[in-house]
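Asks: below is the structure, and that's it, no one-letter string:
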């Protein structure tokens with residue numbers, strides 16, 4: 001009987017630590033590493049609605065880039081993003097540029113000037129930017145195939161290839 005009580009005591013003790021940890025990981029703040037990506041539907045520059053989960057379902061990794069035309073650090077990242085897109089898109093990596101609250105014409109001029117090959121979506125009201133709690137630009141968010149947020153960083157000069165390798169893309 002003492003053994004049973006001791007075993008039950010050990011389980012209760014372990015559960016006292018494990019359950020709060022499990023609850024904490026399940027309740028990650030929206031848009032943060034360890035949490036699930038927030039699904040969205042935004043229009044591209046042609047006016048077509050694009051949905052994150054449906055339209056990119058077959059992609060292994062998605063890099064969300066919250067960026068704006070007026071942001072010098074955002075513009076500075078474009079050559080590196082183009083190189084990553086050209087090298088890894090056929091391996092299942094997608095880059096999605098999300099531009100908050102700028103006119104379609106202004107964003108189109110940026111795309112034309114820099115010949116951006118990856119999808120550019122307009123967050124016209126800033127709702128998705130708000131849901132992801134974007135405070136500075138550029139903000140880059142890496143999603144794995146299950147659409148879990150693996151990394152989130154602000155500023156330029158990302159180690160894109162290193163992050164992709166950590167996600168199994170070679």
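Replies: The structure has been received and is ready for your questions. Please read all numbers here as calculations on a predicted model, not as lab measurements.

Asks: now do the longest strand seen in the chain, average pLDDT.
Replies: Counting by DSSP state E, the longest strand found in the chain is strand 93-100. Strand 93-100 shows a mean pLDDT of 98.

Asks: which stretches in this protein count as strands?
Replies: Ranges of strands in the chain, per DSSP E, are 41-44, 49-51, 61-66, 93-100, 120-123, 139-143, 149-154.

Asks: the nearest residue to residue 137 once chain neighbours are set aside: neighbour count?
Replies: Distances taken as C-beta to C-beta, 6 or more residues apart in numbering put residue 71 closest to residue 137, at 4.6 Å, once the chain neighbours are dropped. All C-beta atoms are positioned from the backbone trio N, CA, C, and that covers glycine. For residue 71, the neighbour count with other C-beta atoms under 10 Å is 16.

Asks: how about the strands of the chain, which one is nearest residue 161?
Replies: Of all these, it is strand 93-100 that lies closest to residue 161, at 10.5 Å by C-beta to C-beta.

Asks: quick one: list the elements packing against that closest one.
Replies: strand 61-66, helix 72-88, strand 120-123, helix 127-131 (3 or more C-beta pairs under 8 Å, 6 or more residues apart in numbering; DSSP states H and E).
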